[in-house]
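In: Sequence and predicted model, in that order:
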Amino acid sequence: MVSFPALLHARVQSAGAPAAGPAFEVATIKPVEHDAKAGRYIVMHGPHRFVEKDYTLKLLISAAYDLNPKAISGGPSWMDSDHYDILALTPGDTRPSHEQQMAMLRTLLADRFQLAFHRKPKEFSIYALEVARGGPKLGSGLKESTAPASDPPQLISTVYPQKLVLPARNATMADFVSLLQRAVLDRPVVDRTGLKGRYDFDLTWAPDETQFGGEVPVAPVDAQSPPFFTAIEQQLGLKLEATRGPIEALVVDRAERPSAN
């Protein structure tokens, strides 16, 4: 666990130049009308085609820097209201890893949105993902993945009328926590499970209005699937504890609507 004083060394990204690092070969950014029913996603189509659908700038920052959106503050009001699609081509001979994709996205944000920010340590309401009292359901709910460690993790949720299903493949607890805090839950999440493996699991629950920014249909009261916190414990042998802890929040100093393609 990172101590609060260790966060005092704030990192600042200058407004004067794009972030150094890998970049897309070419990228098209298109303003779009928000369509909650169509869903939003970031995905690779083939080895070189990076596709982002219906994200605001705040959600793009959340994805690029692996943050819960509530940990991002400052900037113009349109950061949370204007929606964009991005289509980009990645360089090289092979499909980039998730981290490489996010590094390219960080460069794009600095270059095309003129994003500049600073980090600020903050005490925040968080969830801690921990092992439940009966222990993790290894071998049943949590199965050791047989895929090579080099294969990218897969965590893609599907919404049905009475439930939400999240199949995870070759995923670490860090991958799971990253998804929870960026997309599912309403606050940052930290991994305190101590589980170091890569796992396959299927998590099924009845979503409520607190999840996915309120954009996922709420399950009916007579839904057979359990609520999210119950599902994690019953199906995976894990639990989420509400607590407070230090995070390194991000404060936007500058952002501009994207430059022309």
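Out: Structure's in. What do you need?
In: Tell me the confidence at Val218?
Out: Per-residue pLDDT puts Val218 at 85.
In: The nearest residue to Val131 once chain neighbours are set aside: neighbouring residues, count only.
Out: Counting by Cβ to Cβ, 6 or more residues apart in numbering, Thr193 is the residue found nearest to Val131 once chain neighbours are left out, at 5.3 Å. Heads up, the C-betas are built off the backbone N, CA and C, glycines and all. Neighbourhood size, Thr193 [other Cβ atoms under 10 Å]: 21.
In: same question, Ala147
Out: Using other Cβ under 10 Å: Ala147 sits among 14 other residues.
In: Any regions of the stretch 1-150 of the chain where pLDDT drops low?
Out: 1-20 (pLDDT under 70).
In: Give me the contact list for the longest helix seen in the chain.
Out: Looking across the chain with DSSP state H, the single longest helix is helix 98-112. Here helix 98-112 makes contact (Cβ atoms under 8 Å, 6 or more residues apart in numbering) with 13, 17-24, 27, 29, 42, 44, 50, 52, 57, 60-61, 63-66, 86, 88, 90, 96, 115-116, 152-153, 258-259.
In: ok, back up a step: ok, now which ones touch the residue nearest to Val131?
Out: 129-131, 136, 173, 238.
In: one step back: any of the contacts of helix 98-112 buried? List them.
Out: Among those, those classed as buried by 16 or more other Cβ atoms under 10 Å are 13, 18-19, 22-24, 27, 29, 42, 50, 52, 57, 60-61, 63-65, 86, 88, 90, 96, 115-116, 153, 258.
In: Just the ones in strands from these, please.
Out: Taking DSSP state E as the definition of strands, these contribute 13, 27, 29, 42, 50, 52, 86, 88, 116.
In: Please enumerate the helices of the protein.
Out: Under DSSP H, the chain gives helices at 57-64, 98-112, 173-179, 228-236.
In: just checking, what packs against the shortest one?
Out: If I follow you right, that is helix 173-179. strand 116-131, strand 154-155, strand 189-191 (3 or more Cβ pairs under 8 Å, 6 or more residues apart in numbering; DSSP states H and E).
In: export these to TSV and tack on distance to Phe228?
Out: Converted to TSV, these look like this (distance: least, Cβ to Cβ, whole Å):
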stretch	distance to Phe228
strand 116-131	11
strand 154-155	15
strand 189-191	12
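In: Of the ones you listed, give the one that comes closest to Thr204.
Out: Of all the helices and strands packed on helix 173-179, it is strand 154-155 that lies closest to Thr204, at 13.8 Å by Cβ to Cβ.
In: That closest one - which strands sit beside it in the sheet, and in what orientation?
Out: If you go by DSSP bridges, strand 154-155 pairs up with strand 163-171 (antiparallel).
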